[in-house]
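K.L.:
have a look at this prediction, sequence included:
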2 protein chains.
Amino acid sequence: MNRSEIKDFPISRLRIELDKDGCYFAPDTRGMLNKGLPPDMLAGIEAWAAVRIAGRLTHLNMERWAEQHGLSEGRMSVLFRLRKAPDQRLAMNELALGLSTTPRNITGLVDNLERDGLVCRVPDPEDRRSVQAQLTPAGIEKIDALWRASVEAQTVVTKRFTKDELKQLRHLCLKLVQLMKEEMSR
Amino acid sequence: MNRSEIKDFPISRLRIELDKDGCYFAPDTRGMLNKGLPPDMLAGIEAWAAVRIAGRLTHLNMERWAEQHGLSEGRMSVLFRLRKAPDQRLAMNELALGLSTTPRNITGLVDNLERDGLVCRVPDPEDRRSVQAQLTPAGIEKIDALWRASVEAQTVVTKRFTKDELKQLRHLCLKLVQLMKEEMSR
DNA sequence: TGGTAATAGTTACGCACTTCACTATGAAAT
DNA sequence: ATTTCATAGTGAAGTGCGTAACTATTACCA
């Protein structure tokens, strides 16, 4: 299998077209669901599916970008977060909360960052249960060198939206998150 | 660690508030970025971050729902896709394209589905390279029993949006996908 | 103060997903 | 017809990520 083809395999044949309203939609998704589904539900499923695919592709996008610099999306987020913290240091727990992930995941990310010499674990003298992740000089150098480039990589796509579209996209995604928070915590 | 608390760990402390415009935003994200970043970029990053977190949580939501029925999001998508296919059968390759993922991932998903007796592999007599994934009677029964419930699980959240919001959300997410497709294939 | 509960982190386990390398088969070209 | 190239699927390896079970420490409380 050719190298260029494996690269765009996950995104290859998702057809996206314009509706009568000038809105994008996925003909395959709609075609597969419009049988035996009340139309008010269809709109919800289509939107949900669009969020899912956008989530998958933004994730893939970030992973590929980070991987060019020997990182991953999660590890880069950890570095970024630590860089903004006082003394470039945070408890594992705070990292988990800040990145909206599980403590276990942070353990794994910090494991790899420590292996690469970008972060080291230091015990917290105030609370002997707690472990702090501390940015090493190499880690500081790394994230400082990558910070602007990573921001620009993200804006490569978003700058092709209008300011109002970006606000709407943020608003609707966070509304979804907000509602899911309520639903999932029971 | 308490069971109820580990369940909502990944979504616990993401603060979401309303802007002056009546739009949701994440104060922590904005606060961490508004230093040393041109404001037109800030809007892009905030929207991007919102898509990322929405993607993560919708994924988690689907995984937890599917897991209650002994499945996962990916495996359920495979079952669903096969159910809609003629003779409840598709080549691995077609599955990969249809689900916007890699062939290797399909191999793994079908491995697990086959282990659970929901799917079986059958050789394609027309092309001896090709393998078809065939829904078993148990697989048909499973997806038929779950189909409506899974649709309703997704609409639990989306039905709290207006019809226009759903259209906008779909439109903007697919526009993002469309632009990323163009960017990523070079 | 002594016992119970909450908290921080990690180990163990499993699944999803990607990339790369490899095999087998089919198609195309000269 | 033989070489060459493309395609279908999978093994190997690595990461991300979540859940559950466990240890160590701290906080609470009666």
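P.N.:
Cool, got the structure. Residues are numbered from 1 along each chain as shown, chains lettered A, B, ... in the order given.
K.L.:
rest of the way, CA atoms for contacts and neighbours
P.N.:
Fine.
K.L.:
pull out the buried positions in the top helix by length along chain A.
P.N.:
Across chain A, the helix with the greatest residue count (assigned by DSSP state H) is helix A:39-67. Within helix A:39-67, the residues that count as buried by 16 or more other Cα atoms under 10 Å in any protein chain shown are A:41-66.
K.L.:
what about it and DNA strand D, any contact?
P.N.:
No - Helix A:39-67 does not reach DNA strand D (Cα under 7 Å from any atom of the strand); its nearest approach is 7.9 Å.
K.L.:
how does chain A divide into domains?
P.N.:
Chain A breaks down into these domains under automatic domain parsing: A:15-68, A:73-147.
K.L.:
show me the residue at the heart of chain A, geometrically.
P.N.:
Against the mean C-alpha coordinate of chain A, by Cα atoms, centre = their mean, the closest residue is A:His59 at 5.2 Å.
K.L.:
so that one makes contact with B:Arg52?
P.N.:
Yes - contact status for A:His59 versus B:Arg52: in contact at 7.0 Å, counting by Cα atoms under 8 Å.
K.L.:
show me what contacts the residue of chain A positioned farthest from its centre?
P.N.:
Here chain A reaches farthest from its C-alpha mean at A:Gly36, the gap being 34.2 Å by Cα atoms, centre = their mean. Contacts for A:Gly36 (Cα atoms under 8 Å, 6 or more residues apart in numbering or on different chains) come out as none.
K.L.:
in chain A, which spans are strands?
P.N.:
Using DSSP state E, the strands of chain A run over A:17-18, A:24-25, A:89-91, A:119-123, A:131-135.
K.L.:
mind exporting stretch A:55-75 as PDB, just the C-alpha atoms?
P.N.:
Presented in PDB, the C-alpha positions along stretch A:55-75 are these (Å, rounded to 0.1, in the frame of the first residue of the first chain):
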ATOM      1  CA  GLY A  55     -13.600  15.200  16.700                       C
ATOM      2  CA  ARG A  56     -11.900  12.300  15.200                       C
ATOM      3  CA  LEU A  57     -10.200  14.300  12.500                       C
ATOM      4  CA  THR A  58      -9.100  17.200  14.700                       C
ATOM      5  CA  HIS A  59      -7.600  14.600  17.000                       C
ATOM      6  CA  LEU A  60      -5.800  12.900  14.100                       C
ATOM      7  CA  ASN A  61      -4.700  16.300  12.900                       C
ATOM      8  CA  MET A  62      -3.200  17.200  16.200                       C
ATOM      9  CA  GLU A  63      -1.500  13.800  16.600                       C
ATOM     10  CA  ARG A  64       0.200  14.000  13.300                       C
ATOM     11  CA  TRP A  65       1.400  17.500  13.900                       C
ATOM     12  CA  ALA A  66       2.700  16.700  17.300                       C
ATOM     13  CA  GLU A  67       4.300  13.500  16.100                       C
ATOM     14  CA  GLN A  68       6.500  15.500  13.800                       C
ATOM     15  CA  HIS A  69       8.100  16.900  16.900                       C
ATOM     16  CA  GLY A  70       8.300  13.700  18.800                       C
ATOM     17  CA  LEU A  71       5.200  14.400  20.900                       C
ATOM     18  CA  SER A  72       1.500  13.600  21.000                       C
ATOM     19  CA  GLU A  73      -1.500  15.800  21.500                       C
ATOM     20  CA  GLY A  74      -1.800  14.800  25.100                       C
ATOM     21  CA  ARG A  75       1.800  15.200  25.900                       C
END
